[in-house]
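**Q** Sequence and predicted structure are below.
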Amino acid sequence: MSDLPSAVLFACTMNSIRSPMAESIMKFLHGHSVYIDSVGLRKGEMDGFAVSVMEEVGINLLGHRVKVFDELDDSYFDVVITLSPEAHHRALELTRVMACDVEFWNTFDPSIVETENREEKLLAYRSVRDQLMKRIKERFPVRVPLDI
């Protein structure tokens, strides 16, 4: 794997579950060494189950500001990672005149799990969290400094 990009955008449908999870995991792993943001096609509300499962691994999502593509603070990214088909199409439109890589990581939307059982619902969210953690670690490896 090459060096880390300078700017990464994660995009999904509502910016309330998958892309905020990915953004916060990337920030947790890489801190300020990379500019990281997330966005959705439509503005949703921050999902409480997402907040809960991220807290389980020591990541706080309560400060996440849900936003759409038109509200991005910066429009230059080296890599845009889309987590839903709809977001992928929008990202391709956004980047067609940019030197930017767009990657599609088709990621399950845990909010569609139909159950009244809280633990079953949390299992679906944990699965998405863990899948994103694994993919991010593989794609953007954490470099451990060598002691000299």
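**A** Right, received. Where do you want to start?
**Q** switch to C-alpha atoms for all contacts and neighbour counts from now on
**A** Will do.
**Q** Tell me how far residue 120 lies from residue 126.
**A** Noted for residue 120: a distance of 10 Å to residue 126, by Cα to Cα, to the nearest Å.
**Q** Also residue 10?
**A** Separation of residue 10 from residue 126 (Cα to Cα): 18 Å.
**Q** what about the residue most central in space within the chain, which SS state?
**A** Nearest to the geometric centre of the chain sits residue 22, at 2.5 Å (Cα atoms, centre = their mean). Applying DSSP: H, G, I helix; E, B strand; the rest coil to residue 22 yields a three-state assignment of helix.
**Q** Identify the residues contacting the closest residue to it other than its chain neighbours.
**A** Once flanking residues are discounted, residue 22 sits nearest to residue 132: 6.1 Å by Cα to Cα, 6 or more residues apart in numbering. Residues near residue 132 by Cα atoms under 8 Å, 6 or more residues apart in numbering: 21-22, 25.
**Q** May I have the secondary structure class of residue 132?
**A** Put simply, residue 132 is helix when judged by three-state DSSP.
**Q** ok, it to residue 17 distance?
**A** Applying Cα to Cα to residue 132 and residue 17 gives a distance of 11 Å.
**Q** Please apply the same query to residue 81.
**A** Going from residue 81 to residue 17 by Cα to Cα gives 14 Å.
**Q** Of these two, which one has the most company?
**A** A count of neighbours by other Cα atoms under 10 Å puts residue 17 above the other of residue 81 and residue 17, at 27 against 22.
**Q** residues in contact with the more buried one?
**A** Residue 17 sits next to 46-47, 50, 109 when contact means Cα under 8 Å, 6+ apart.
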